[in-house]
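1. need a structure here:
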Amino acid sequence: MGGIDKGRRAFIKLLAALGIGTATAGTGLIKLGGKAASKKVAVKAGADIVAGTQGMPSWFPALVNKIIKEGDDVTSKLATKERELVHTKKIGPHEEVTVYRNTDTGDVRVEYGTELFVGKRINNKGKEIDVIRASNDPETVHLEYKAGEVIEEGKHAGKKTKSEFSAAESEPEVVNWDGDIEMSGVNEVNKVDDLITPTNKLQEFATNKKLNIRERLKLERQQKYKDKLDTDTMEQLDYIEKKHGPLPDEGDYTSADQMNEALSKYRGEKASGGLASYDDYLPGIDDID
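-> Predicted coordinates:
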């Protein structure tokens with residue numbers, strides 16, 4: 001599985017722990033390395049921006065092209081590295097899609113969530129700061145396209161590796177031995193159908209087509225489950241145990257170090273047999289004609 005690389009995964013978890021949405025990293029509020037783009041690079045809003053690859057929804061290339069073509073260029077505010085172009089567009093009253101494109105590698109990252117807030121706020125020290133996304137936003141969904149890379153050495157030199165697609169969102173996780181649960185985990189998958197968060201509005205915006213009856217019924221069930229997972233502690237615990245197995249028993253460990261190691265391992269493990277989709281928790285959806 002390709003997936004989000006370890007650095008990116010750690011980056012998402014770090015921002016969640018800090019209470020900051022990922023878009024904030026491109027502002028003066030937080031700097032985690034890299035330089036803002038100093039030079040704009042022309043982008044051809046055509047089908048060559050993103051190539052179809054395994055796991056990628058058919059509407060994803062059209063979504064990227066449309067946001068770049070119709071959205072606002074916010075490179076100067078949100079770019080986190082050299083030669084990165086950033087475009088954003090509201091697709092609903094309070095929803096926004098932001099596309100980050102690395103023009104050196106061809107990699108593309110899409111963030112879908114609540115509308116961006118760009119402006120000035122006063123921090124707890126009374127200092128005025130620039131902010132984007134006011135606080136931690138666990139509703140943000142991350143979709144990533146990693147372009148193929150040219151192999152420089154060996155018998156396959158000159159050929160390209162396969163492109164990859166991945167997606168990530170927040171999920172509940174146990175954060176201490178008291179059993180406290182927070183939405184600070186990362187559900188990392190290789191296809192949007194395995195996300196808990198519905199992405200139907202991205203599909204509708206990209207294709208200009210309404211969902212069919214089956215898709216609407218599936219969406220309704222998916223949204224109900226997500227709403228319950230966001231608020232119901234027992235539902236969260238059920239989700240965690242289905243994905244990671246039973247919680248460790250603190251009585252099995254004799255020191256704090258052992259306990260911390262066990263909890264960290266538990267939180268980092270994936271379910272055996274691969275990643276679970278929300279359909280695993282909602283039986284019967286495939287019976288809809």
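2. list the contacts for residue 176?
-> By Cβ atoms under 8 Å, 6 or more residues apart in numbering, the contact list for residue 176 reads residue 263. C-beta coordinates here come from the backbone N, C-alpha and C atoms, glycine included.
3. Per-residue pLDDT of it, please?
-> Residue 176 carries a pLDDT score of 86 in this model.
4. ditto for residue 265
-> Residue 265 carries a pLDDT value of 83.
5. repeat for residue 289
-> pLDDT for residue 289: 38.
6. in this protein, which spans are helices?
-> Remark: helices assigned in the chain by DSSP state H are 6-18, 60-70, 75-78, 200-207, 213-231, 233-244, 256-268.
7. Export these as CSV, with columns for mean neighbour count and distance to residue 188.
-> Output for the helices of the chain, formatted as CSV (neighbours: other Cβ atoms under 10 Å; distance: least, Cβ to Cβ, whole Å):
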stretch, mean neighbour count, distance to residue 188
helix 6-18, 15, 6
helix 60-70, 20, 17
helix 75-78, 19, 23
helix 200-207, 18, 18
helix 213-231, 14, 17
helix 233-244, 16, 12
helix 256-268, 13, 11
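8. Looking at those helices, which is nearest to residue 112?
-> helix 200-207 (6.0 Å; Cβ to Cβ).
9. now that closest one and helix 213-231, what's the angle there?
-> 140 degrees (axes from the mean of the first three to the mean of the last three Cα atoms, to 10 degrees).
10. mind checking pLDDT for residue 221?
-> 93.
11. ok, now residue 131?
-> Looking at residue 131, its pLDDT reads 51.
12. one step back: format the helices of the chain as TSV; extra columns: distance to residue 182.
-> Converted to TSV, these look like this (distance: least, Cβ to Cβ, whole Å):
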stretch	distance to residue 182
helix 6-18	8
helix 60-70	30
helix 75-78	26
helix 200-207	26
helix 213-231	12
helix 233-244	9
helix 256-268	11
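13. closest one to residue 159 among these?
-> With Cβ to Cβ as the criterion, residue 159 lies closest to helix 60-70 of these, at 22.7 Å.
14. Of all the helices of the chain, which one comes closest to residue 163?
-> Of all the helices of the chain, helix 60-70 comes closest under Cβ to Cβ, at 11.3 Å.
15. which one's the longest strand in the chain?
-> Using DSSP state E to define each element, the chain has its longest strand at strand 164-174.
16. Can you give the strand pairings for that one, parallel or anti for each?
-> Looking at strand 164-174 with DSSP bridges, its partner strands are strand 141-146 (antiparallel), strand 181-189 (antiparallel).
17. Out of those strands, which one sits most buried?
-> Most buried of those, by mean neighbour count (mean count of other Cβ atoms under 10 Å): strand 141-146, with a mean of 22.
18. about what we covered before: right, and the helices of the chain - which one's nearest residue 110?
-> Judging those by Cβ to Cβ, what sits closest to residue 110 is helix 60-70, at 6.7 Å.
19. relative orientation of the longest strand of the chain and helix 256-268 in degrees?
-> Interaxial angle of strand 164-174 relative to helix 256-268 (the same axes, to 10 degrees): 130 degrees.
20. relative to helix 60-70, how tilted is strand 164-174?
-> 90 degrees.
21. Leaving out the residues flanking it, which one is nearest to residue 222?
-> Distances taken as Cβ to Cβ, 6 or more residues apart in numbering put residue 198 closest to residue 222, at 5.0 Å, once the chain neighbours are dropped.
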